[in-house]
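Trainee: Have a look at this fold, sequence not included:
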């Protein structure tokens, strides 16, 4: 499991689902740009545990996921639209930290 944390707000998703939504967002044109290590400088590596995602990148990810939902994948019946809507709403809140469920 992966926990997305902003202050006292936490959203927990499976690692598989987190990787999957990132893959869908990349297909819609999103590229991680505002990701940094919680311990230091900017990093363009994968959005995984131990990383912070800045507000702009969180917003871009939310927009890409909205594009996915409003595209052909959204009509396929294969996506959990309720879960994606919950994630999009979280992302619109701004900067967040990615933690493993063990943290």
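Mentor: Structure's in. What do you need? These figures come from a predicted structure and were not determined experimentally.
Trainee: so the residue nearest to residue 18 when sequence neighbours are not counted bridges to which residues?
Mentor: Leaving aside its sequence neighbours, residue 18 sits nearest to residue 2 (C-beta to C-beta, 6 or more residues apart in numbering; 4.6 Å). Quick note: C-beta positions are derived from backbone N, CA and C, even for glycine. Per DSSP bridges, residues listed as beta-bridge partners of residue 2: residue 13, residue 100.
Trainee: shouldn't residue 2 be in contact with residue 16?
Mentor: No - using C-beta atoms under 8 Å, residue 2 is not in contact with residue 16, being 9.4 Å away.
Trainee: Name the residue in these two with the higher neighbour count.
Mentor: More crowded of residue 2 and residue 16, by other C-beta atoms under 10 Å: residue 2, with 20 against 10.
Trainee: Roughly how far does the more buried one sit from residue 29?
Mentor: Separation of residue 2 from residue 29 (C-beta to C-beta, to the nearest Å) stands at 23 Å.
Trainee: Then residue 86?
Mentor: In terms of C-beta to C-beta, residue 86 sits 22 Å off from residue 29.
Trainee: What's the biggest helix in this structure, counting residues?
Mentor: Using DSSP state H, we find that the single longest helix of the chain is helix 55-70.
Trainee: Which strands or helices does it pack on?
Mentor: helix 15-27, helix 81-91 (3 or more C-beta pairs under 8 Å, 6 or more residues apart in numbering; DSSP states H and E).
Trainee: So for it, what gets flagged as buried?
Mentor: Going by neighbour count (16 or more other C-beta atoms under 10 Å), the buried part of helix 55-70 is 57-69.
Trainee: Any chance of JSON lines for the helices and strands packed on helix 55-70, columns distance to residue 7 and mean pLDDT?
Mentor: Below are those laid out as JSON lines (distance: least, C-beta to C-beta, whole Å; pLDDT from 0 to 100):
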{"stretch": "helix 15-27", "distance to residue 7": "20", "mean pLDDT": "90"}
{"stretch": "helix 81-91", "distance to residue 7": "12", "mean pLDDT": "93"}
